[in-house]
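Asks: Sequence and computational prediction follow.
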Amino acid sequence: MEKLGAADPQRIGAYRLLARLGAGGMGHVYLARSDRGRTVAVKLVREDLAAQEEFRARFRQEVRAARRVGGHWTAPVLDADTDAEVPWVATGYVAGPTLQQVVGRDHGALPERSVRILAAGLAHALQDIHAAGIVHRDLKPSNVLVTIDGPRVIDFGIARALETQAGDGLTRTGSLVGSPGFMAPEQVRGDRITPACDVFCLGSVLAYAATGTLPFGAANSGVHALMFRIAQEEPDLSGVPEGIADLVRDCLRKDPATRPTLNRILDRTGAEDTVSGGRSRDPWLPGALVAQLGRHAVRLLDTEDPETRELERVSPTQGGPGTGGPAQAGPGTGGQAQGGPAQGGPGTG
């Protein structure tokens, strides 16, 4: 999380911006609050994309579909203005780090039980997304947020709007949209995209969560070499726990028609009795991660109006009459809570 810069707006629609969460291919993402106090994440589209009418039409269409997604395993789309000079969309803010940050930086590979519950949560999320007529197309660790209650999926359907950058209009059926390490073979080939595409990406995400490495290797040797491996070679699942290796391998089958359905994945995780109503009934993460997520939540509570926060940090000698003693630090102002950037909200892809 970063402070707002001079070039950042102060408000977008009915939302007062508090901080910058990140930036990516679509635009900038901000932490914001509504006038009623609800915390949201607002994604502001890049100006060059906003100038493309084809992009606007696709963005309008995809946001409308995304607002129909229900369930507890996604960050809901709450508001949007697709006709604004610079279009934007607001989603519920999820106070948790991305799976990419958890595995790649903070903790490392997750234990098998955590991966099983992750699989169940992501399968539930994809069911809700597909029920709204959307294929995610860009399920990856940075689009999965980790909370104490379970995973949450973000940016569903939005990636499809970027297809119009290729200039092929709304009728385009094949497009190289996605993140190279987490693409399905049909995405690489530019073939027709179906919900089975998300199942393949789910397999890649689970392999990464269980091992900290990509099943088809990194892009060190070049993106084209990586995409060739995805389309033609078998995944490297060494290190994936034996109890879930077969499930991951089946998700990563080259032929979309042979991949398991989401219902079958839920049956095979064996985690259905541990998740209910969008929550994990028991702690699903190692204790150190649970503590980290608590600190993330505290930092969110501490994100107030910048002027107010500065007043809270005034020392007794600076505070004027009536301070009576040292200023008390509010929640999250201590060293532990400031140990790193708060994560969450929409992905920046």
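Replies: Good, I have the coordinates.

Asks: can we go C-alpha only for contacts and neighbour counts from here?
Replies: Will do.

Asks: Beta-bridge partners for Val45, please?
Replies: On the basis of DSSP bridges, Val45 is bridged to Gly27.

Asks: Around it, how many other residues sit close by?
Replies: For Val45, the count of nearby residues is 23 (other C-alpha atoms under 10 Å).

Asks: Also Ala291?
Replies: Ala291, neighbours per other C-alpha under 10 Å, totals 12.

Asks: That one - that's part of a helix, no?
Replies: Yes. Ala291 forms part of a helix when assessed by DSSP: H, G, I helix; E, B strand; the rest coil.

Asks: Give me the distance between it and Gly203.
Replies: Relative to Gly203, Ala291 is positioned 28 Å away (C-alpha to C-alpha, to the nearest Å).

Asks: How about His107?
Replies: 20 Å.

Asks: what about those two, which has more around it?
Replies: Gly203 (24 against 14).

Asks: helices or strands next to the helix or strand containing that one in the packing?
Replies: Secondary structure assigned from DSSP states H and E places Gly203 in helix 196-211. Other helices and strands packing on helix 196-211, by 3 or more C-alpha pairs under 8 Å, 6 or more residues apart in numbering; DSSP states H and E, are helix 112-131, helix 242-251.

Asks: If we use 6 Å, what do you get?
Replies: Helices and strands touching helix 196-211, by 3 or more C-alpha pairs under 6 Å, 6 or more residues apart in numbering; DSSP states H and E, are helix 242-251.

Asks: orientation of the helix it packs on relative to helix 112-131 in degrees?
Replies: 30 degrees (axes from the mean of the first three to the mean of the last three C-alpha atoms, to 10 degrees).

Asks: ok, then the element right after helix 242-251?
Replies: Heading C-terminal from helix 242-251, the first helix or strand you meet, by DSSP H and E, is helix 262-269.

Asks: Tell me the buried residues in that following helix?
Replies: Within helix 262-269, the residues that qualify as buried are Leu262, Ile265, Leu266, Arg268, Thr269, counting by 16 or more other C-alpha atoms under 10 Å.

Asks: Please apply the same query to stretch 113-124.
Replies: Arg113, Ser114, Val115, Arg116, Ile117, Leu118, Ala119, Ala120, Gly121, Leu122, Ala123, His124.

Asks: possible to save those as CSV with pLDDT and distance to Ala80?
Replies: Output for these, formatted as CSV (pLDDT from 0 to 100; distance: C-alpha to C-alpha, whole Å):
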residue, pLDDT, distance to Ala80
Arg113, 94, 37
Ser114, 95, 34
Val115, 96, 33
Arg116, 95, 34
Ile117, 94, 32
Leu118, 96, 29
Ala119, 96, 30
Ala120, 95, 30
Gly121, 94, 26
Leu122, 96, 25
Ala123, 96, 26
His124, 95, 25
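
Asks: okay, the residues you listed in JSON lines with distance to Ala65 next?
Replies: Below are the buried residues of stretch 113-124 laid out as JSON lines (distance: C-alpha to C-alpha, whole Å):
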{"residue": "Arg113", "distance to Ala65": "33"}
{"residue": "Ser114", "distance to Ala65": "31"}
{"residue": "Val115", "distance to Ala65": "29"}
{"residue": "Arg116", "distance to Ala65": "29"}
{"residue": "Ile117", "distance to Ala65": "27"}
{"residue": "Leu118", "distance to Ala65": "25"}
{"residue": "Ala119", "distance to Ala65": "24"}
{"residue": "Ala120", "distance to Ala65": "23"}
{"residue": "Gly121", "distance to Ala65": "21"}
{"residue": "Leu122", "distance to Ala65": "19"}
{"residue": "Ala123", "distance to Ala65": "19"}
{"residue": "His124", "distance to Ala65": "18"}
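
Asks: ok so, going back, next, report how far the helix holding Gly203 is displaced from the centre of its chain.
Replies: Centroid separation between helix 196-211 and its chain, computed with C-alpha atoms, centre = their mean, to the nearest Å, is 14 Å.

Asks: ok, back up a step: quick check, nearest of the buried residues of stretch 113-124 to Gly212?
Replies: Val115 (11.8 Å; C-alpha to C-alpha).

Asks: residues near the nearest residue to Val102 once chain neighbours are set aside, how many?
Replies: What sits nearest to Val102 in space, not counting adjacent residues and going by C-alpha to C-alpha, 6 or more residues apart in numbering, is Gly108, at 6.7 Å. Number of residues near Gly108 (other C-alpha under 10 Å) recorded here: 18.

Asks: Report the separation between Gly108 and Ala57.
Replies: Note on Gly108: its distance to Ala57, by C-alpha to C-alpha, is 40 Å.
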